[in-house]
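> Quick one, what's the 3D model for this:
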Amino acid sequence: MNNCTLKKTLLATSIFLALSGIYGSTALATPACDPDTLQQANTLEGKSTQEPTDALTDVTDVQITDLPDKINSIVDKLESAGDVKYYSFTALRGQKVMINDVLRGVEGSFWKIEYNIAGDWQPLPTSEPLITPPLNIGQKVQLRISYPAGVRFQPDKYFNIDFGSAPYAHNIRIETEGPNTETYFSTSTFRDKIMWATNIRDSTGQLLEGATVEFVINTDDQDPSREVTSRRVTVTGGIVEYVSFQGCSGRHVTTPFIGVYDFIRKWQATYNSGHWRVSVRGNSSTGISPVSITQICSMKIIG
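Below is the predicted model:
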């Protein structure tokens, strides 16, 4: 080979090697081929796929029932031992949220009930309702109901759960109808009718639909059979209800007293002593404790 040919061959070889070196270095600089960079990329990818599982359940193969802004009384059943029901409630105002197993027995709930606020499923307390702290505006709370493990499946067994804003009673009051006894009794008195009223609000003060409220009165503390319960569910948040009572036979007799219509005639009455209270289902911290009341059974002029 002559010198000219040799020079051309060496020049071509040099250009080829130079070009190969350029493209080879570009390929080697690709981050995915770097072990440390690849490990870091896999770690970041693992974190991004983990976040949805730490957040609330949002997958296509799970049917979640979104509930409206009130207290929702959920009455349903599972189709099989492996069936699971999901429900979701949004705290639109950042209010407290309540979950109450209405059919809870003395030994706790029959069902496996779990809730999810910040990404972790937690078991519902078995002995009492759950009321959350105030939440963020728009924060969701999810509910999951499944069949208890190791228990024979009962296809006709229903659950009943109150799920929604936590209820609080405001402006509880009664108005009574009965004979005028002036100031003889230190308690409210009535004969055959009482009006009770209240309004139910969430923890932000918003009037609340769906709250179950009970007015309970025992007109005679010595006779439990005289207890009367008036139960109502709020529609607009307020309740005004009248309760009628049968006549009674008084256990107690007053001393003669005056001042009914004048300060001349003397009166005497027979009566029974009782108590009344108001409670809101799912929140024992609200309502009103027993308040004394007197039912007038008869009243007459004696002089």
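> low-scoring pLDDT stretches of the chain, where are they?
Applying pLDDT under 70 to the chain picks out residues 1-60.
> Domain map for it?
As given by automatic domain parsing, the domain ranges for the chain are 64-165, 168-301.
> could I get those as JSON lines with mean neighbour count?
Where C-beta positions appear, they are placed from N, C-alpha and C, glycine not excepted. Listed next are these as JSON lines, based on neighbours: other C-beta atoms under 10 Å:
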{"stretch": "domain 64-165", "mean neighbour count": "16"}
{"stretch": "domain 168-301", "mean neighbour count": "16"}
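> Please, where are all the strands along the stretch 151-300 of the chain?
Listed in chain order, the strands of the stretch 151-300 of the chain (DSSP state E, counting those that start in this stretch) span 159-165, 168-177, 188-190, 193-201, 212-218, 227-233, 238-244, 252-253, 267-280, 283-301.
> Adding distance to R152, write the ones you listed out as TSV.
Shown next, in TSV, are the strands of the stretch 151-300 of the chain (distance: least, C-beta to C-beta, whole Å):
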stretch	distance to R152
strand 159-165	16
strand 168-177	40
strand 188-190	51
strand 193-201	39
strand 212-218	31
strand 227-233	33
strand 238-244	42
strand 252-253	55
strand 267-280	35
strand 283-301	33
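> Which stretch among those strands approaches Q139 most closely?
Q139 lies closest to strand 159-165 among the strands of the stretch 151-300 of the chain, at 12.5 Å (C-beta to C-beta).
> Just checking the distance from the closest one to the centre of its chain.
How far strand 159-165 lies from its chain's middle: 6 Å, per C-alpha atoms, centre = their mean, to the nearest Å.
> what packs against that strand?
Applying 3 or more C-beta pairs under 8 Å, 6 or more residues apart in numbering; DSSP states H and E, we find strand 159-165 packed against strand 71-76, strand 84-91, strand 97-101, strand 139-146.
> Looking at those, which is nearest to V260?
Nearest of these (C-beta to C-beta): strand 71-76, 45.5 Å.
> Contacts for the closest one, please.
Identification of contacts with strand 71-76 by C-beta atoms under 8 Å, 6 or more residues apart in numbering yields 67, 85, 87, 89, 98, 102, 145, 158-165, 167, 208-212, 233, 282.
> what angle do that strand and strand 84-91 make?
170 degrees (axes from the mean of the first three to the mean of the last three C-alpha atoms, to 10 degrees).
> Number the chain from 50, please
Fine by me, first position is 50 from now on; the one you just mentioned is strand 120-125.
> Please identify the pairing partners of strand 120-125 and their relative orientation?
Applying DSSP bridges to the sheet, strand 120-125 is found paired with strand 208-214 (antiparallel).
> what angle separates the partner strand from strand 188-195?
170 degrees.
> Touching strand 208-214 from outside, list them.
The contact list for strand 208-214 (C-beta under 8 Å, 6+ apart) reads 116, 118-126, 136, 138, 140, 144-152, 159-160, 162, 178, 192, 194, 251-252, 255, 257, 259, 261, 330-331.
> what bridges to the spatially most central residue of the chain?
Nearest to the mean C-alpha position of the chain, counting by C-alpha atoms, centre = their mean, stands M147 at 1.6 Å. Counting by DSSP bridges, M147 is bridged to I180, G213.
> Check the spacing between it and A260 real quick.
Separation of M147 from A260 (C-beta to C-beta, to the nearest Å): 10 Å.
> same deal with F202?
Remark: distance between F202 and A260 (C-beta to C-beta) = 33 Å.
> Then V146?
As for V146, its distance to A260 is 13 Å (criterion: C-beta to C-beta).
> Repeat that for D270.
Remark: distance between D270 and A260 (C-beta to C-beta) = 28 Å.
> ok, and the closest non-adjacent residue to H219?
Nearest residue to H219 in three dimensions, chain neighbours excluded: N248, at 5.2 Å (C-beta to C-beta, 6 or more residues apart in numbering).
> Quick check: that neighbour touching G287?
Yes. Between N248 and G287 there is a contact under C-beta atoms under 8 Å: 4.4 Å.
> list residues touching both of these two?
Common contact partners of N248 and G287 (C-beta under 8 Å, 6+ apart): L256.
> Tell me how far stretch 233-253 lies from the chain's centre.
When distances are taken as C-alpha atoms, centre = their mean, stretch 233-253 is centred 26 Å away from the chain's centroid.
> Tell me the span between the first and last residue of it.
End-to-end distance of stretch 233-253 (C-alpha to C-alpha, to the nearest Å): 42 Å.
> for stretch 272-291, same thing?
Taking C-alpha to C-alpha, the first and last residues of stretch 272-291 lie 22 Å apart.
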